[in-house]
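Participant: Requesting a structural model of the entry that follows:
(one chain, ligands or ions: 1)
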Amino acid sequence: MSVPAHIAIVMDGNGRWAEARGEPRTVGHRAGIEPVRATIRECARLGVGALTLFAFSSENWRRPETEVSTLMGLFMEALEREVQELHANQVRLRIIGNRQRLAVGLQQRIAEAEALTAGNTGLQLQVAVSYGGRWDVIEAAKRLAAQAASGALRAADIDEERFARELQLADLPDPDLFIRTGGDHRISNFLLWNIAYAELFFTDALWPDFNAEIMAEAIEDFRGRERRFGLTGKQLREEPRV
Ligand code: FPP
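Facilitator: Predicted coordinates:
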């Protein structure tokens with residue numbers, strides 16, 4: 001086992017990073033863009049298959065309006081500025097979350113970026129915007145319920161594999177490494193279903209200070225753990241899964 005196939009990251013601590021410098025929180029969000037670029041670059045370099053970043057949660061809509069609009073402006077700017085370079089590096093970009101809540105202009109830009117990069121076979125990059133793990137599960141349940149109501153699906157045929165196919169990350173392997181910066185040890189409603197077996201890595205570093213060195217530490221930590229998937233250590237050693 002060399003590198004994780006899929007890394008999910010909760011990018012936390014932008015606000016505190018700025019406040020520690022006597023700056024408004026939005027300065028921290030702006031400073032959070034460079035580590036996003038560095039992390040994408042590093043994942044591509046290491047051969048990580050997929051990277052999923054939590055940029056804005058369903059709950060973040062409740063933040064002060066100026067902070068929300070700054071973040072939305074940053075997403076738009078970053079999309080406009082970075083998409084060509086992502087494309088040139090074979091990155092496939094997708095946005096996961098409830099995009100109907102986003103401004104129409106941003107929705108359009110997202111659709112264009114996704115269409116442009118759809119055929120890329122390098123790093124699969126998901127940015128979660130207006131995303132919540134419970135929302136994801138509920139949307140999946142609604143779609144399955146509608147199929148069952150129409151007679152296209154038998155309720156008895158719903159199993160884990162069928163359910164997972166309705167989730168936002170349907171075509172990707174589950175994240176095997178979950179990283180959260182900013183010192184809190186919480187999942188905060190990110191990818192609830194998909195991280196069932198992920199290894200969790202928490203760092204006190206605030207997101208604007210995140211870098212390749214901390215990522216290497218997370219991957220090193222991941223490599224050192226025994227992933228048992230409910231089996232005993234002895235079973236695993238006799239019949240290794242990977
Ligand atoms: C959490 O820090 C961070 C966010 C809510 C926004 C994340 C956004 C970026 C890193 C900007 C760029 C992203 C992309 C994809 C272009 P916080 O505000 O919760 O910090 P705090 O915990 O210190 O208050």
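
Participant: Enumerate the residues of the chain near the ligand.
Facilitator: With C-beta under 6 Å from any ligand atom as the criterion, the chain meets the ligand at residues 11-16, 25, 29, 32-33, 36, 53, 55-56, 60, 71, 74-75, 78, 127, 182, 207. From N, CA and C alone the C-beta is placed, and that goes for glycine too.

Participant: give me that answer again for 5 Å
Facilitator: Taking C-beta under 5 Å from any ligand atom as the contact definition, the chain meets the ligand at 11-16, 29, 32-33, 36, 55, 78, 127.

Participant: PyMOL command to pick out the buried ones of those residues?
Facilitator: Per 16 or more other C-beta atoms under 10 Å, the buried members of the residues of the chain next to the ligand correspond to this PyMOL selection:
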select buried, resi 11+12+13+14+15+16+29+32+33+36+55+127
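
Participant: Out of the residues of the chain next to the ligand, name the ones that lie in strands.
Facilitator: 55, 127 (DSSP state E).

Participant: possible to save the residues of the chain next to the ligand as CSV with pLDDT?
Facilitator: Shown next, in CSV, are those (pLDDT from 0 to 100):
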residue, pLDDT
11, 98
12, 98
13, 98
14, 98
15, 97
16, 98
29, 97
32, 98
33, 97
36, 98
55, 97
78, 96
127, 98
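
Participant: residues making contact with the host helix or strand of residue 109?
Facilitator: Counting by DSSP states H and E, the element that carries residue 109 is helix 104-117. Residues from elsewhere that reach helix 104-117 (C-beta atoms under 8 Å, 6 or more residues apart in numbering): 72, 75-76, 79-80, 83, 86-87, 91-95, 99-100, 102.
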